[in-house]
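Peer 1: give the three-dimensional model of this entry:
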Amino acid sequence: MKSKHGLVVAALLVMLLPLAVYAEPIYLPVSFDNFARTQPTPTASPTATITRTPTVVLTPTATVTRTPTIAFTPTATATPTTVPGRIAFASDRDGNFEIFSMRADGTHQTRLTTNAAFDGEPDWSPDGSRIAFTSDRHGGLEIYTMDAAGGSALRLTDNALADSLPAWSPDGSQIVFTSVPDAWQTNLAIVSALGGSPPTALVGSGMFHYSSPDWSANGRIVCSYYRFPGPIPHILSMKADGTDGVSLTSDVNYSDYSPAWSPDGTKVAFYSERDGNVDIYVMKADGSDVKRLTTDPDPDRDPAWSPCGAWIAFVSERDGNAEIYIMKSDGSAQTRITNNAADDRHPSWTTD
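Peer 2: Okay, here's the model as predicted:
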């Protein structure tokens, strides 16, 4: 349903996430390729302690054989008038990152948050009634939700370091997110969408680090992960309890980021450097049949499927700064739908 700059966590996290070897100008406050933020004063952590430690099988069970990629040459086209739904995104057009929504053709852009803090990384609930997002309005980066029209926000986490990149469960009752519990770990955790209870650790250890989760309709979670101190992230699929981990990508020569499930759970979109540039790819749920969808020399990242599965929204810098584009799920009809001097990032798509 769901990448990710100056607002980021402390310099100590540079030790944690060596993915900074890829100099990606992404605004995301917590991601593999962006850690240069000064930490706020830690706030009190929840007193409840979670003791469940699920077993995750991290030995790749499938090796993806690199296949010839599809090369599309996008041409300027009018935005299709039949593209359904609304897209939430983050923009710094008013001086700092705030959350906006718009129709999928780029019209009726509406600002949903208004404050001096960072608000970003929006993700629609399955029914489109609420938006989960990341904000540092109370000092540290935490997970919040709000109504689809904006308004007051419900705080779900209280972490001394940082929580970010939320994604809803298929039934809308829980949210999985990236959590940084200490200077040496980047984990996944799950919290109730209603609040009132501390998060539950999903996966994480001193050797493996996880980020950018997405939850499929069939109950599995995909994320980016890597083994410390190796700097190469890949895509991992697992059950919602953290077990049955399967590597969908594993080539040590390139990095793969920001996986996003198709609505029916049969495909995963992601962005990768595997062909010497940052582009959008799609593969089957088992990691096979990898296809390249974008070929522009400027970075393309942060894919987000339309609810019908026929379209993909993404971020591209091909026109000089980060803007939101849409394309058909085969890579055709690539069309820019935002156009301003600021950066527009991290799209999330819902029904009308």
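Peer 1: residues in a beta bridge with residue 154, which ones?
Peer 2: With DSSP bridges applied, residue 154 shows beta-bridge pairing to residue 145.
Peer 1: was I right about it contacting residue 144?
Peer 2: Yes: distance between residue 154 and residue 144: 6.2 Å, which falls inside the contact criterion (Cβ atoms under 8 Å). Every residue, glycine included, has its C-beta placed from N, CA and C.
Peer 1: which one's more surrounded, the two?
Peer 2: residue 144 (22 against 15; other Cβ atoms under 10 Å).
Peer 1: for the nearest residue to the more buried one once chain neighbours are set aside, what are its contacts?
Peer 2: Spatially, and ignoring its direct neighbours in sequence, residue 144 is nearest to residue 153 (4.3 Å; Cβ to Cβ, 6 or more residues apart in numbering). Contacts were defined as Cβ atoms under 8 Å, 6 or more residues apart in numbering; by that measure residue 153 touches 113, 133, 135, 137, 144, 145, 146.
Peer 1: any idea how far residue 224 is from residue 153?
Peer 2: 26 Å (Cβ to Cβ, to the nearest Å).
Peer 1: also residue 255?
Peer 2: Residue 255 is 8 Å from residue 224, by Cβ to Cβ.
Peer 1: look at these two and report which has more neighbours.
Peer 2: The residue with more neighbours, out of residue 255 and residue 224 and counting by other Cβ under 10 Å, is residue 224; that gives 29 against 24.
Peer 1: note down every partner strand of the strand or helix carrying that one and its orientation.
Peer 2: Residue 224 is part of strand 221-227, with elements assigned from DSSP states H and E. Strand partners for strand 221-227, identified by DSSP bridges, are recorded as strand 208-215 (antiparallel), strand 234-238 (antiparallel).
Peer 1: now these in JSON lines, with distance to residue 334 and mean neighbour count?
Peer 2: Rendered in JSON lines, the data for the strands paired with strand 221-227 read as follows (distance: least, Cβ to Cβ, whole Å; neighbours: other Cβ atoms under 10 Å):
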{"stretch": "strand 208-215", "distance to residue 334": "22", "mean neighbour count": "26"}
{"stretch": "strand 234-238", "distance to residue 334": "23", "mean neighbour count": "25"}
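Peer 1: in CSV, list those along with distance to residue 276.
Peer 2: As requested, the strands paired with strand 221-227 are arranged in CSV below (distance: least, Cβ to Cβ, whole Å):
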stretch, distance to residue 276
strand 208-215, 22
strand 234-238, 18
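Peer 1: now those in TSV, with mean pLDDT and distance to residue 169?
Peer 2: Shown next, in TSV, are those (pLDDT from 0 to 100; distance: least, Cβ to Cβ, whole Å):
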stretch	mean pLDDT	distance to residue 169
strand 208-215	94	5
strand 234-238	97	14
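Peer 1: in the protein, which spans are helices?
Peer 2: Assignment of helices within the chain using DSSP state H yields the ranges 13-16.
Peer 1: where does it dip in pLDDT?
Peer 2: Within the chain, the set of residues satisfying pLDDT under 70 comprises 1-81, 204-206.
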